[in-house]
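Engineer: generate coordinates for the sequence data below:
(one chain, ligands or ions: 2)
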Amino acid sequence: MIVGVPREIKDNENRVGITPSGVETLVKAGHQVVIEAGAGLGSGITDEEYVAAGARMLPTKADVYEQADMIMKVKEPLPEEYDLFKEGQLLFTYLHLAPEPELTRALLAKKVTGIAYETIQTNRGTLPLLMPMSEVAGRMSVQVGAQFLEKPYGGRGVLLGGVPGVPPAKVVIIGGGTVGTNAAKIAVGMGADVTIIDKNAERLRYLDDIFGSRIKTLISTSYNIKEAVKEADLVIGAVLIPGARAPKLVTEEMVKAMQPGSVIVDVAIDQGGCVETADRVTTHSNPIYIKHGVIHYAVANMPGAVARTSTYALTNVTLPYALELASKGLAQAVKDDIALARGVNVMDGKVTYKAVAEALNLEYTPLHELMDVPVDLMRIA
Ligand SMILES: NC(=O)C1=CN([C@@H]2O[C@H](COP(=O)(O)OP(=O)(O)OC[C@H]3O[C@@H](n4cnc5c(N)ncnc54)[C@H](O)[C@@H]3O)[C@@H](O)[C@H]2O)C=CC1
Ligand SMILES: CC(=O)C(=O)O
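Structural biologist: Ligands and ions are numbered 1, 2, ... in the order given. Next up is the predicted model:
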């Protein structure tokens, strides 16, 4: 198979879909890898390193899309890439289709098979291709939140850890999964007063076990969220229902009740955001806006800012699946690996992931109607 890796074009997206080590693995398995010139530079990887590992560099993105059977990248394609899709091409990347009707339409029209990193899910319910980037974004969320709480950045002028004689800042994390846990690690380390809210009591029990008395936990109800958010200096949105639009748990009224200069980092913005007033996606170039006096940070590719770390963390987990797809072909790969099958969001002009179809009000075609996969594919043990 020819695997193609284009350069990322989202604002300040410095990650790349493959490393030289990944190129070597694919080439040794008998595949060809074509990479857009300069694709790795943002992550500190030169064209020469790719060539030494066995890749062919191509001058333009169009060349890569034209030659590749499978496109392997990081972020969802942007409108200028839609015309480059080839019918039947495999697209292996983060897709986040629920808030992206136009991209979904383009993939359906070109009959591209879109395999979304973020919905590949094991039988235990874990999301192995989302996890490393959630670790990065969770850790970053507290870093950026602490920065924007500083007065010169428009914040309340509050130091996360406080100092002796002055209490620490209150950090409220909504969603205690990978992002939430990693945010809590950093916030606790900085000495903040941390509350984690989740709908899953088992998860809260686990977090209570690992953090002990250094955090407070709250079950997710609208009342608890309202009371916690009112007092918060920093709110971190970290909920996820795989594939679906994020539920709007923090309402505009709750945001109005926050102190001016407090900060919201809605990490879940890639799935539409869990804060009602996080009504637009921001970029690394222009990361915040202010609404009701509260700073909103809603960057959908946070790990792109720490590209070197993130590229290696991401490709550690994507490569084994890419190798399965390239070596076995789609049909055999999804038959053999149910986690990978759960990643198929669109194929043959049909939406094959239920939460995406529901979010976009499109017809849903279960994958087992198109491929040899179990009828109860989405049943998580
Ligand atoms: N903006 C960015 O650059 C990045 C965004 N993300 C996004 O961050 C979000 C969170 O990802 P992960 O932590 O990996 O997901 P996860 O699945 O590990 O955790 C999500 C948590 O949300 C909880 N949850 C679901 N509904 C809830 C509700 N109504 N109230 C309270 N809690 C609820 C779940 O119980 C779970 O513990 C996702 O949308 C992910 O795509 C991840 C990485 C980078
Ligand atoms: C998860 C995701 O969307 C990102 O890492 O950019």
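Engineer: where does whichever residue of the stretch 1-150 of the chain sits closest to ligand 2 land in three-state SS?
Structural biologist: When scored by Cβ to the nearest ligand atom, the stretch 1-150 of the chain has residue 133 as its residue closest to ligand 2, at 3.3 Å. Heads up, the C-betas are built off the backbone N, CA and C, glycines and all. Of the three states, residue 133 takes helix according to DSSP: H, G, I helix; E, B strand; the rest coil.
Engineer: gap between it and ligand 1?
Structural biologist: According to Cβ to the nearest ligand atom, to the nearest Å, residue 133 and ligand 1 sit 4 Å apart.
Engineer: residue 42 reaches residue 307, doesn't it?
Structural biologist: Yes: between residue 42 and residue 307 there is a contact under Cβ atoms under 8 Å: 5.0 Å.
Engineer: overlap of the contact sets of these two?
Structural biologist: 13-16 (Cβ atoms under 8 Å, 6 or more residues apart in numbering).
Engineer: name the member of those residues with the most neighbours.
Structural biologist: Greatest neighbour count in the shared contacts of residue 42 and residue 307, by other Cβ atoms under 10 Å, goes to residue 16: 30 neighbours.
Engineer: what about it, which SS state?
Structural biologist: Here residue 16 is recorded as coil under three-state DSSP.
Engineer: distance of the residue lying closest to residue 64 once chain neighbours are set aside from ligand 1?
Structural biologist: Nearest non-adjacent residue to residue 64, counting by Cβ to Cβ, 6 or more residues apart in numbering: residue 4, 4.2 Å away. Using Cβ to the nearest ligand atom, residue 4 is found at 24 Å from ligand 1.
Engineer: the helices in the stretch 201-350 of the chain, which residues?
Structural biologist: With DSSP state H, counting those that start in this stretch, the ranges of helices along the stretch 201-350 of the chain come out as 201-211, 222-231, 252-256, 307-328, 330-336, 338-341.
Engineer: so which of the ones you listed gets nearest ligand 2?
Structural biologist: Across those, closest to ligand 2 is helix 307-328 (Cβ to the nearest ligand atom), at 7.0 Å.
Engineer: packing partners of the helix or strand that contains the residue nearest to residue 64?
Structural biologist: Per DSSP states H and E: residue 4 is located in strand 2-5. When contacts are defined as 3 or more Cβ pairs under 8 Å, 6 or more residues apart in numbering; DSSP states H and E, strand 2-5 sits against strand 32-36, helix 61-67, strand 70-72.
Engineer: mind giving me the packing neighbours of the helix or strand that that strand is followed by?
Structural biologist: Where DSSP H and E defines the elements, the next helix or strand beyond strand 2-5 is helix 20-28. Here helix 20-28 touches strand 32-36, helix 47-53, helix 307-328, going by 3+ Cβ pairs under 8 Å, 6+ apart.
Engineer: which elements pack onto the last one?
Structural biologist: In this case it means helix 307-328. Judged by 3+ Cβ pairs under 8 Å, 6+ apart, helix 307-328 is in contact with helix 20-28, strand 70-72, strand 90-93, helix 131-148, helix 330-336, helix 338-341.
Engineer: same list, these, but as CSV with mean pLDDT, mean neighbour count and distance to residue 218 please.
Structural biologist: Shown next, in CSV, are these (pLDDT from 0 to 100; neighbours: other Cβ atoms under 10 Å; distance: least, Cβ to Cβ, whole Å):
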stretch, mean pLDDT, mean neighbour count, distance to residue 218
helix 20-28, 98, 19, 41
strand 70-72, 98, 25, 40
strand 90-93, 98, 24, 35
helix 131-148, 98, 23, 18
helix 330-336, 98, 17, 39
helix 338-341, 97, 21, 32
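Engineer: which outside residues touch stretch 219-228?
Structural biologist: So stretch 219-228 is contacted by 172, 174, 195, 197-199, 201, 204, 218, 249-251, 253-254, 257 (Cβ under 8 Å, 6+ apart).
Engineer: residues of the strand holding residue 4 that come out buried?
Structural biologist: The neighbour-count check on strand 2-5 (16 or more other Cβ atoms under 10 Å) flags 3-5 as buried.
Engineer: now do stretch 183-194
Structural biologist: Buried residues in stretch 183-194, counted by 16+ other Cβ under 10 Å: 183-188, 190, 192-194.
Engineer: what residues does it touch?
Structural biologist: Contact partners of stretch 183-194, identified using Cβ under 8 Å, 6+ apart, comprise 138-139, 141-143, 146, 160-162, 167-171, 173, 176, 196, 207, 211, 214-216, 234, 236, 238, 267.
Engineer: give the buried subset of these as a PyMOL selection command.
Structural biologist: Remark: buried members of those, expressed as a PyMOL selection using 16+ other Cβ under 10 Å:
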select buried, resi 138+139+141+142+143+146+160+161+168+169+170+171+173+176+196+207+211+215+216+234+236+238+267
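Engineer: wait, residue 20 touches residue 45, no?
Structural biologist: Yes: Residue 20 lies in contact with residue 45 (Cβ under 8 Å); the separation is 6.5 Å.
Engineer: still on that earlier bit, out of the helices and strands packed on helix 20-28, nearest to ligand 1?
Structural biologist: helix 307-328 (9.2 Å).
Engineer: now that closest one: mean pLDDT?
Structural biologist: Across helix 307-328, the average pLDDT comes to 98.
Engineer: does it reach ligand 2?
Structural biologist: No: Helix 307-328 is not in contact with ligand 2 by Cβ under 6 Å from any ligand atom; minimum separation 7.0 Å.
Engineer: close to ligand 1, is that helix?
Structural biologist: No: shown here: helix 307-328 not in contact with ligand 1 (Cβ under 6 Å from any ligand atom), separated by at least 9.2 Å.
Engineer: do the same with stretch 339-351
Structural biologist: No: Stretch 339-351 lies out of reach of ligand 1 by Cβ under 6 Å from any ligand atom, never closer than 13.5 Å.
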